[in-house]
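Student: Mind folding the following:
(one chain, ligands or ions: 1)
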Amino acid sequence: MEEDDIEAVVDVLRSDYLTQGPRIREFEDSLTSYCGTRFAVCFSSGTAALHGAYFAAGLCNNDEIITSPMTFIATANAALFLGARPIFADIEPDTGNIDVDLIEPAITKKTRAIVPVHFAGHPVELEKAAKLAKKHGLILIEDACHALGAQYRDINISNCKYSDMAVFSFHPVKAITTGEGGAVLSNDENFYKKLITFRHHGVTKECEAFQKRKEDCGKWYYEMQYLGYNYRLSDIHCALGISQLKKLDKFVQKRREIADKYSSAFKCNDFFDIPVERSYVKSAWHLYPIRLKDKFKSCKAEIFSELRERGSAAQSTRRSYKASAALCSSVSLASKAIVLAAPFRNITTEVP
Ligand SMILES: Cc1ncc(COP(=O)(O)O)c(C=O)c1O
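Tutor: Coordinates of the predicted model:
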């Protein structure tokens, strides 16, 4: 946190609105201008934003989404919230992203959405995923929680040129933070309207949206049109987000420099494979995931403990989603990938 971030929050604390005030719209406008999207709706977390996106996509009981097993549990859980079932298509070993060629065989009559995750900040092959979604009449939702600041074919991730909606998280480990927080971006006004009401108890005060009592427009009357939640993000969080977003490019640039250092240092090692960056993407390097070579896979736990003891903030990434088989499709081959992820926070590029 820098002084201007702190001041931005303090300004809100001194203002008339701690929540439901002007900073929310301001943050949403900053997100749409950064990403080049028409609409943004902030949520209280990335998980809440995924829930909102799945609701707006119309997911309900017994529907299926196809997603990646290499992700945080929230990607799949948010579908379960609506009674839908996550089906996993396996990953590409080098990027850790869903292998788009494996999505089509997983499509059934129940499939409603495809949800690729830009794992570690490396964009998924979106153009191919979009063609597939179009061919089968499916909704494409990017879980972009790792990828704010990344680019795919010179377009900012979450620009929604290829997808229907894209979801961010602003948890402190992400590229920018609001403490807790998330957002859904979209170019579709219908999705936008659903997201706005879903985040606020399913309630609307917009006269033109009223289903009954249109004559009470402008009076006390409001309508709860479906069961929604209190998933609002406060002005305090949004003020921090506005301040942080101004520095996003600087943050991503620093991550890219650190990733370059890791890549040149580890290029020829005998122990693990380093991550790739495809020529047509710019990764946001949320993580630097390394894959242990086969002969060391059985030693993962020891390597992990040793790294931690030596002060490295290594993490073992989510290998795969392991919920009840009754709720999800079987665990994918991705569970065989053994990944350690080096983070970027508090790491400098200067040699001590
Ligand atoms: C890929 C992915 N999706 C969704 C989430 C959920 O975001 P949040 O923690 O803001 O709820 C995370 C959080 O780590 C994530 O990594």
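Student: Might you enumerate the residues of the chain proximal to the ligand?
Tutor: 45-47, 50, 71-72, 74-75, 117, 143, 145-146, 169, 171, 182 (Cβ under 6 Å from any ligand atom). Using the backbone N, CA and C atoms, a C-beta is placed for each residue, glycine as well.
Student: same thing but 8 Å
Tutor: 45-50, 71-72, 74-75, 117, 119, 143, 145-146, 167, 169-171, 173-174, 180-182, 286 (Cβ under 8 Å from any ligand atom).
Student: number of nearby residues for the residue nearest to Ala129 when sequence neighbours are not counted?
Tutor: Of all residues not flanking Ala129 in the chain, Val100 sits nearest, at 5.1 Å (Cβ to Cβ, 6 or more residues apart in numbering). When neighbours are defined as other Cβ atoms under 10 Å, Val100 has 20 of them.
Student: picking that back up, just the buried residues from the residues of the chain next to the ligand, in PyMOL please.
Tutor: Of the residues of the chain next to the ligand, the buried ones go into a single PyMOL selection, burial set by 16 or more other Cβ atoms under 10 Å:
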select buried, resi 45+46+47+48+49+50+71+72+74+75+117+119+143+145+146+167+169+170+171+174+180+181+182+286
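Student: Please tell me how far the residue nearest to Ala129 sits from the ligand.
Tutor: 17 Å (Cβ to the nearest ligand atom, to the nearest Å).
Student: and the longest helix for the chain?
Tutor: When the chain is parsed with DSSP state H, its longest helix is helix 248-266.
Student: for that one, packing partners?
Tutor: Helix 248-266 sits against strand 288-292, with contacts defined as 3 or more Cβ pairs under 8 Å, 6 or more residues apart in numbering; DSSP states H and E.
Student: From the rest of the structure, what touches the longest helix of the chain?
Tutor: 34, 121, 148-150, 175-176, 272, 274-275, 277, 282-286, 288, 290, 342, 344, 347, 349 (Cβ atoms under 8 Å, 6 or more residues apart in numbering).
Student: Can you flag the buried ones in those?
Tutor: Buried members of these, counted by 16+ other Cβ under 10 Å: 34, 121, 148-150, 175-176, 272, 274-275, 277, 282-286, 288, 290, 342, 344.
Student: okay, now the domains of this protein?
Tutor: 3-245, 249-341 (automatic domain parsing).
Student: Using TSV, lay out the ones you listed together with mean pLDDT.
Tutor: Below are those laid out as TSV (pLDDT from 0 to 100):
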stretch	mean pLDDT
domain 3-245	94
domain 249-341	76
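Student: which of those sits most buried?
Tutor: domain 3-245 (a mean of 20; mean count of other Cβ atoms under 10 Å).
Student: mind checking the end-to-end distance for that domain?
Tutor: End-to-end span of domain 3-245 (Cα to Cα, to the nearest Å): 15 Å.
Student: show me what contacts Ile24?
Tutor: Ile24 neighbours (Cβ under 8 Å, 6+ apart): 42, 232-233, 235, 238.
Student: mind running it again at 7 Å?
Tutor: Shown in contact with Ile24 (Cβ atoms under 7 Å, 6 or more residues apart in numbering): 42, 233, 235, 238.
Student: Repeat that for Leu102.
Tutor: Leu102 is in contact with 89-90, counting by Cβ under 7 Å, 6+ apart.
Student: again with the one 5 residues further on
Tutor: Under the criterion of Cβ under 7 Å, 6+ apart, the neighbours of Ile107 are 66, 136.
Student: Please tell me how far it sits from Lys135.
Tutor: 9 Å (Cβ to Cβ, to the nearest Å).
Student: Need the phi and psi values for whichever residue of the chain sits closest to the ligand.
Tutor: Going by Cβ to the nearest ligand atom, the ligand is nearest to Gly46 of the chain, at 2.5 Å. With angles defined as degrees, to the nearest 10, Gly46 sits at phi -70, psi -40.
Student: check contacts around it.
Tutor: Remark: with contacts taken as Cβ under 7 Å, 6+ apart, Gly46 is in contact with 74, 145, 167-169, 171, 182.
Student: re earlier: pull up the overlap in contacts between Ile107 and Lys135.
Tutor: Listed as contacting both Ile107 and Lys135 by Cβ under 7 Å, 6+ apart is no residue at all.
Student: For the residue nearest to Gly46 when sequence neighbours are not counted, give me its contacts.
Tutor: In space, and not counting its chain neighbours, Gly46 is closest to Ser169: 2.6 Å by Cβ to Cβ, 6+ apart. Ser169 makes contacts with 45-46, 145, 182, as judged by Cβ under 7 Å, 6+ apart.
Student: from these, which two are the most distant?
Tutor: Greatest spacing in those, by Cβ to Cβ: Ser45 and Cys145 (9.9 Å).
Student: Please, where are all the helices along the protein?
Tutor: Under DSSP H, the chain gives helices at 3-13, 22-35, 46-56, 74-81, 126-136, 189-198, 235-245, 248-266, 300-309.
Student: got TSV for the ones you listed, with distance to Tyr221 too?
Tutor: Compiled in TSV, those are given as follows (distance: least, Cβ to Cβ, whole Å):
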stretch	distance to Tyr221
helix 3-13	30
helix 22-35	23
helix 46-56	24
helix 74-81	30
helix 126-136	39
helix 189-198	15
helix 235-245	26
helix 248-266	41
helix 300-309	58
